[in-house]
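Undergrad: give me a model of this one.
(chains A, B, C and D)
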Protein chains: 2
Amino acid sequence: MEKTICKFCNLKSAAAKKLNEDEICALGNNCAEVQFKTGDIIIKQDALSTNVVYVKSGLVKIHIKGPIKERIRKIIKAPAYLCLPSTFGDKVNHFSATALEDTSICFIDVNVFKQFIYDNGDFAYQIILDLSKGELQNFHSCLNNAQKQNIGRVADAILFFANEIYNSNSFTLPISRQDLADLTGITRESASRILTDFHNEKILEIDSRKITVVNEALLRQISEKG
Amino acid sequence: MEKTICKFCNLKSAAAKKLNEDEICALGNNCAEVQFKTGDIIIKQDALSTNVVYVKSGLVKIHIKGPIKERIRKIIKAPAYLCLPSTFGDKVNHFSATALEDTSICFIDVNVFKQFIYDNGDFAYQIILDLSKGELQNFHSCLNNAQKQNIGRVADAILFFANEIYNSNSFTLPISRQDLADLTGITRESASRILTDFHNEKILEIDSRKITVVNEALLRQISEKG
DNA sequence: CGACTGCTTGATGTTGCTCAACGTGCGTGG
DNA sequence: CCACGCACGTTGAGCAACATCAAGCAGTCG
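TA: Residues are numbered from 1 along each chain as shown, chains lettered A, B, ... in the order given. Here you go, the predicted model:
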């Protein structure tokens, strides 16, 4: 039965590790795991958010359709909760989520989740930690973006993929140039231009979506100088 | 004794209202109320954050010294918790807070606060709600700012003061032009220019820091169009 | 009264967006 | 199978928005 699935899951969140035997059973009974393929939409903006969404494995982009243009808020790597604030702060999703690679998602009944917060202080505290860290991170990225010019933002994005996502100087970009532009808040043309600039200055090796960071020191310098 | 102070305080946060008799006593015993005058620094960036900070009354600006220039993150009106994420997510403050008018602050021992989260599910849930709403709000303001041009941001700021802070079309700006610029992420000169533009176009009546919104509809339109 | 701060205004340079043209790969329908 | 539309990517030219630089003005404090 499903009961056992969560119990023996080795990809539990920090909060879920604090649950006791009974609670884990409750979680198993009110939780559904779903597989998504690259490009699949996981949750849709403005839809009712009736579940807590946990990314068990894979890679996801959080994006939002603004009044003017699409914006990618961030890229999330498993394991992580997706948009907890949406779930609690409001009834509807404030953004969409799309899988960037094959991804496993657990949908958890929000009432069960809420009950855990009420009953299990350890669990609640972990969630609060999670939210706090998320906000700090989010805030800093906002701040950085606001002060940097385009070249710095693109450098940031490249370093983010290299260091945070793939832990390698050589990787395949999981998104298109348009998406890269939406992620950094610039235009498709600017993104393209800057990438070729980086290539010309021997900072990156680029073969369509395959990217190798050649001169990381310089890239980091560009990122920091803005 | 201090015990009674919190108990009979009529400016309790939503979370504090969920505390029981004993907990309120504990709060009273581990909480210090301090008065700040306009311009006083309440907390300082990079200092250790050993207390939860609650704004009981008054007005506060949260600002951060970036690598390039000062940035004002937001203006907070009582009652509200200040930078909970900093307190839990990290040991040091990620920003400074300065009083914009005479302000009452309660410093609460973080361990007592933490204990409430562990022991009192209602309390924990209120904090989670608070954090969630904060993040959603924060996120939307980031998004807006990123897509808007200067004139729209200034319009935003004026509307914010008129509607959120003073609930009046006529008010005295509690900050300098430089601060307004830091708040909207533009230069002092641009802020100044845009204000006189608004004045010339009969959108605002301006007498140094005294501002009256004359044509709110148009201002709102400017804010929305970007 | 002079130094200083906060504010305003104009002139100039830079950044990055828009628009437009063009190449490429992919899927669809005749 | 080819023609066609379509999404994606690249490149160049022109222009609008802003920051920067520079100068000047009013109020204030020692």
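
Undergrad: every contact and neighbour count from this point should use C-alpha atoms.
TA: OK.

Undergrad: and the pLDDT at the one residue in chain A that gets nearest to DNA strand C?
TA: Closest to DNA strand C within chain A is residue A:149: 3.2 Å, counting by Cα to the nearest atom of the strand. You'll see residue A:149 listed with a pLDDT of 90.

Undergrad: tell me how far residue A:75 lies from residue A:208.
TA: 20 Å (Cα to Cα, to the nearest Å).

Undergrad: give me every residue in chain A lying close to DNA strand C.
TA: Within chain A, the positions near DNA strand C by Cα under 7 Å from any atom of the strand are A:148, A:149, A:150, A:151, A:185, A:186, A:187, A:189, A:190.

Undergrad: just flag the most distant two among these.
TA: The distance between the two most remote of the residues of chain A next to DNA strand C (Cα to Cα) is 17.8 Å, for A:148 and A:189.

Undergrad: of those two, who's got more company?
TA: residue A:148 (18 against 11; other Cα atoms under 10 Å in any protein chain shown).

Undergrad: how close does the nearest residue to that one once chain neighbours are set aside get to residue B:61?
TA: Spatially, and ignoring its direct neighbours in sequence, residue A:148 is nearest to residue A:226 (4.3 Å; Cα to Cα, 6 or more residues apart in numbering or on different chains). In this view, residue A:226 and residue B:61 are 25 Å apart by Cα to Cα.

Undergrad: neighbour count winner among those two?
TA: Neighbours per residue, other Cα under 10 Å: of residue A:226 and residue B:61, the larger number sits with residue B:61, 24 against 20.

Undergrad: beta partners for that one?
TA: residue B:75, residue B:98 (DSSP bridges).

Undergrad: wait, doesn't residue A:213 sit right on residue A:207?
TA: No - checked against Cα atoms under 8 Å, the pair residue A:213 and residue A:207 is beyond contact range at 11.9 Å.

Undergrad: now the spatially most central residue of chain A. Nearest residue, chain neighbours left out?
TA: Central residue of chain A (Cα atoms, centre = their mean): residue A:76, 1.5 Å from the mean position. Spatial nearest neighbour of residue A:76, chain neighbours left out: residue A:60 (5.2 Å); criterion: Cα to Cα, 6+ apart.

Undergrad: ok, residue A:68 next?
TA: residue B:147 (7.7 Å).

Undergrad: give me phi/psi at residue A:42?
TA: Main-chain dihedrals, residue A:42, degrees, to the nearest 10: phi -90, psi -50.

Undergrad: the helix or strand hosting residue A:155: what's the following helix or strand?
TA: Under the criterion DSSP states H and E, the helix or strand holding residue A:155 is helix A:150-159. Going down the chain from helix A:150-159, the next helix or strand is strand A:170-172, by DSSP H and E.

Undergrad: and chain A, split by domain according to the record?
TA: The record assigns chain A these domain ranges, following automatic domain parsing: A:2-140, A:148-225.

Undergrad: looking at chain A, which helix or strand is least sure?
TA: helix A:2-7 (a mean of 64; mean pLDDT, DSSP states H and E).

Undergrad: so where is chain A shaky, pLDDT-wise?
TA: Applying pLDDT under 70 to chain A flags residues A:1-4.

Undergrad: so where do the strands sit in it?
TA: Assigned by DSSP state E, chain A shows strands spanning A:31-36, A:41-43, A:51-57, A:59-65, A:70-77, A:80-82, A:96-99, A:103-109, A:170-172, A:204-207, A:210-213.

Undergrad: can you say which of those strands is nearest to residue B:143?
TA: Here strand A:70-77 is closest among the strands of chain A (Cα to Cα), at 8.2 Å.

Undergrad: what comes up buried for that closest one?
TA: By neighbour count on 16 or more other Cα atoms under 10 Å in any protein chain shown, the buried set for strand A:70-77 is A:70, A:71, A:72, A:73, A:75, A:76, A:77.

Undergrad: in the sheet, who's paired with the first one?
TA: It refers to residue A:70. residue A:65.

Undergrad: which residues sit in contact with it?
TA: A:63, A:64, A:182 (Cα atoms under 8 Å, 6 or more residues apart in numbering or on different chains).

Undergrad: thinking again about what came up before, the residue nearest to residue A:148 against residue A:153, yeah?
TA: Yes - between residue A:226 and residue A:153 a contact is recorded at 7.4 Å, counting by Cα under 8 Å.

Undergrad: wait, what's in contact with the residue nearest to residue A:103 when sequence neighbours are not counted?
TA: Closest residue in space to residue A:103, ignoring its immediate chain neighbours: residue A:58 at 4.1 Å, by Cα to Cα, 6+ apart. The contact partners of residue A:58, by Cα under 8 Å, 6+ apart, come to A:77, A:78, A:99, A:100, A:101, A:102, A:103, A:104.

Undergrad: contacts only, for residue A:152.
TA: Contacts of residue A:152 (Cα under 8 Å, 6+ apart): A:222, A:223, A:224, A:225, A:226.

Undergrad: can I get the contacts of residue A:70 in a markdown table with distance to residue B:109 and neighbour count?
TA: Formatted as a markdown table, those follow (distance: Cα to Cα, whole Å; neighbours: other Cα atoms under 10 Å in any protein chain shown):
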| residue | distance to residue B:109 | neighbour count |
| --- | --- | --- |
| A:63 | 38 | 22 |
| A:64 | 39 | 21 |
| A:182 | 42 | 20 |
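
Undergrad: just give the nearest non-adjacent residue to residue A:90, would you?
TA: Residue A:90 sits nearest to residue B:133 (Cα to Cα, 6+ apart), 7.8 Å away.

Undergrad: that neighbour reaches residue A:89, doesn't it?
TA: Yes - in this structure, residue B:133 is within contact of residue A:89 by Cα under 8 Å, at 4.8 Å.

Undergrad: and the two? which has more neighbours close in?
TA: Between residue B:133 and residue A:89, counted using other Cα under 10 Å, residue A:89 has the larger neighbour count: 20 against 17.

Undergrad: pretty sure the more buried one contacts residue B:137?
TA: No - with contact defined as Cα under 8 Å, residue A:89 does not reach residue B:137; the gap is 9.6 Å.

Undergrad: want to throw the contacts of residue A:70 into a markdown table with distance to chain B?
TA: Shown next, in a markdown table, are the contacts of residue A:70 (distance: Cα to the nearest Cα, whole Å):
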| residue | distance to chain B |
| --- | --- |
| A:63 | 11 |
| A:64 | 9 |
| A:182 | 11 |
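
Undergrad: closest to DNA strand D out of these?
TA: Looking across the contacts of residue A:70 and measuring by Cα to the nearest atom of the strand, the closest to DNA strand D is residue A:182, at 10.7 Å.
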